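Visitor: for reference, the sequence and a predicted model appear below.
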Amino acid sequence: VKDRRLTENTEMSEKSDCVGSVVANHYNQLLERGVAERKESRIFHMRNLNNWIKSRIIGNILDQIRKDNGSHCRLNVLDLGCGKGGDLLKWERGNVHHVVCADIAETSIEQCKERYATLKHRSRNNVFSAEFIAADCSKESIRERMADRELKLDLVSCQFAFHYSFESLPQAEQMLANVSSNLQPGGYFIGTTTDANDIIRRLGRNEDPENRKFGNAIFSVEFPEETPLDPPPLFGAKYNFHLEEVVDCPEFLVHFPTFEKLAKKYGLKLVQKTRFEDFVRDELVHGKDLLMRMKALEAYPPFGNQRPVSQDPIDYHHVREYLD
Ligand code: SAM
């Protein structure tokens, strides 16, 4: 991390305005939709697919942890970027003991609390305990805000949220510190995020070097002029992501080898990395019934069936030395 190029990158992104408040405002203003309204949505199947994928990832890792530690172990979890609590039911089904829910958006944290209260009421208190922290997890340590600062976690889950921290190296590092410092040895970090190479490939700059946008009637990805693309910076490679009804805010490319290397610095070792379409294919063997019940199969594969090219389209030649 002392590499000169990374230092340059850090300085560059420190100069730019931080988008944390933009992201928080966006998620704070998202309206809660009822079940009926959600069924009408054009992204109904895609949401269900994403939810099913998360269910499988969470279910699988909880099985693994119980295999590692014995089936009666009490599992403590951090849901990093928990949003409104879309995964609370998964934690209930997974029979975990305690969940720390953290998110930058205060309103989402309030909605998460309400959802948890409903869940607790319905299950007559026979559900995991939980605590709720509104914090920018790319800027501050969650441990300082946890009810029990000595608590060590078995699992950190960061679903569709890690990419926000790639705004700068210090932010990505703080996010990883929040993962690593809270996990006990042998604990797991799971997550879902975007694929930088796939995004750049879809821009199709080979055909038109001016291209900065792609998408369809439902989603779009657009790089503002201020984001260099040939090549993109390791941190702060900002694009605006629009997804009908759900997202309309800036995100950052996550260069996976850099992520992996940083994670290693924080004591984490990569066990598995899978693209959604491959994950779905493998999991269908076991989970097809649930997928059918959740009416998610129609959305597979997400966003069309283009396969990633075998050669990485991002020329990160300027960081090769750092990676080597
Ligand atoms: N994990 C939830 C899920 O899967 O339903 C929510 C995913 S939503 C796409 C991304 C979430 O990341 C939002 O709730 C947003 O507020 C949160 N987020 C973004 N940047 C964050 C940060 N720096 N610290 C904590 N949460 C953040």
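Guide: Alright, I've got the coordinates. Because the structure is predicted, anything quoted here is derived from the model rather than measured.
Visitor: residues in the protein within reach of the ligand, list them.
Guide: The chain comes close to the ligand at residues 20, 23-24, 27, 81-83, 86, 103-105, 108, 136-138, 159-161, 164-165, as judged by Cβ under 6 Å from any ligand atom. Where you see a C-beta, it was placed from the backbone N, CA and C, and this is true even at glycine.
Visitor: show me what contacts His98?
Guide: For His98, the contact set (Cβ atoms under 8 Å, 6 or more residues apart in numbering) comprises 74-77, 128-131, 151.
Visitor: same thing but at 6 Å, please
Guide: 76, 128-129 (Cβ atoms under 6 Å, 6 or more residues apart in numbering).
Visitor: looking at the residues of the chain next to the ligand, which are in helices?
Guide: 20, 23-24, 27, 108 (DSSP state H).
Visitor: lowest pLDDT pick from those?
Guide: Lowest pLDDT among these: Tyr27, with 81.
Visitor: now do the longest strand along the chain: which elements does it pack against?
Guide: Under DSSP state E, the strand in the chain containing the largest number of residues is strand 183-192. Applying 3 or more Cβ pairs under 6 Å, 6 or more residues apart in numbering; DSSP states H and E, we find strand 183-192 packed against helix 44-69, strand 153-159.
Visitor: that older thread, I'd like the contacts of His98 as TSV, with secondary structure, pLDDT and neighbour count appended.
Guide: Formatted as TSV, the contacts of His98 follow (DSSP: H, G, I helix; E, B strand; the rest coil; pLDDT from 0 to 100; neighbours: other Cβ atoms under 10 Å):
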residue	secondary structure	pLDDT	neighbour count
Asn76	strand	97	22
Phe128	coil	97	21
Ser129	strand	97	14
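Visitor: which one of these is nearest the ligand?
Guide: Phe128 (16.8 Å; Cβ to the nearest ligand atom).
Visitor: grab the nearest non-local neighbour of that closest one.
Guide: Nearest residue to Phe128, sequence neighbours excluded (Cβ to Cβ, 6 or more residues apart in numbering): Val96, at 5.0 Å.
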